[in-house]
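*Asks:* The sequence isn't on hand, but the structure is:
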């Protein structure tokens, strides 16, 4: 079993190296290393498998959220976030089935309603968030 755990650890590390910043298998490498150490001290197969599963799961639950924050990288500020809380005019109906269009500061943006209801052209909306290249808006009820 020693050779199996070594191969499993190496394979998991190779997969991780081939998929940088994806974090798909590093926890399995950790689990395989622990199982390999248990094999070296003479632990039974059941304990090795259990340790592999537990260490892999615990490593994933603890490491992934922390590492994901640091591995995001390459986030390029576009200043589009300045559109949040701006008011715009709907130029093309926004429906649950299709994106509409909103004009803000002379620029046209694709938009969806935050609550999926219809917002007709001519309505005023407030930008609540930006998701990719589209605005998430909410209709402003005047009156």
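*Replies:* Arrived safely, thanks for sending. Bear in mind that the values here come from a model prediction, so they are computed numbers and not experimental data. Numbers count the residues shown, from 1 in each chain.

*Asks:* Not counting its neighbours along the chain, what's nearest residue 54?
*Replies:* Using Cβ to Cβ, 6 or more residues apart in numbering and skipping the chain neighbours, the partner closest in space to residue 54 is residue 31 (7.7 Å). The way it works is simple: take the backbone N, C-alpha and C, and place the C-beta from them, glycine included.

*Asks:* show me where this protein has strands.
*Replies:* In the chain, the strands defined using DSSP state E lie at 87-92, 100-104, 107-113, 124-131, 134-139.

*Asks:* Turn those into TSV, columns for mean neighbour count and distance to residue 65.
*Replies:* TSV is the format used below for these (neighbours: other Cβ atoms under 10 Å; distance: least, Cβ to Cβ, whole Å):
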stretch	mean neighbour count	distance to residue 65
strand 87-92	17	35
strand 100-104	20	34
strand 107-113	17	28
strand 124-131	16	21
strand 134-139	20	25
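
*Asks:* and those strands as a markdown table, adding distance to residue 9?
*Replies:* Formatted as a markdown table, the strands of the chain follow (distance: least, Cβ to Cβ, whole Å):
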| stretch | distance to residue 9 |
| --- | --- |
| strand 87-92 | 54 |
| strand 100-104 | 52 |
| strand 107-113 | 45 |
| strand 124-131 | 39 |
| strand 134-139 | 43 |
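
*Asks:* any chance you could map the helices in this protein?
*Replies:* Ranges of helices within the chain are 2-18, 26-40, 45-71, based on DSSP state H.

*Asks:* Go through those and pick out the most buried.
*Replies:* Mean neighbour count (mean count of other Cβ atoms under 10 Å) peaks for helix 26-40 among the helices of the chain, with a mean of 20.

*Asks:* Run the chain-centre distance for it.
*Replies:* 28 Å (Cα atoms, centre = their mean, to the nearest Å).

*Asks:* what's it packed up against?
*Replies:* helix 2-18, helix 45-71 (3 or more Cβ pairs under 8 Å, 6 or more residues apart in numbering; DSSP states H and E).

*Asks:* what's the angle between the last one and helix 2-18?
*Replies:* Looking back up the chat, that one is helix 45-71. Relative orientation of helix 45-71 and helix 2-18, computed by axes from the mean of the first three to the mean of the last three Cα atoms, to 10 degrees: 10 degrees.
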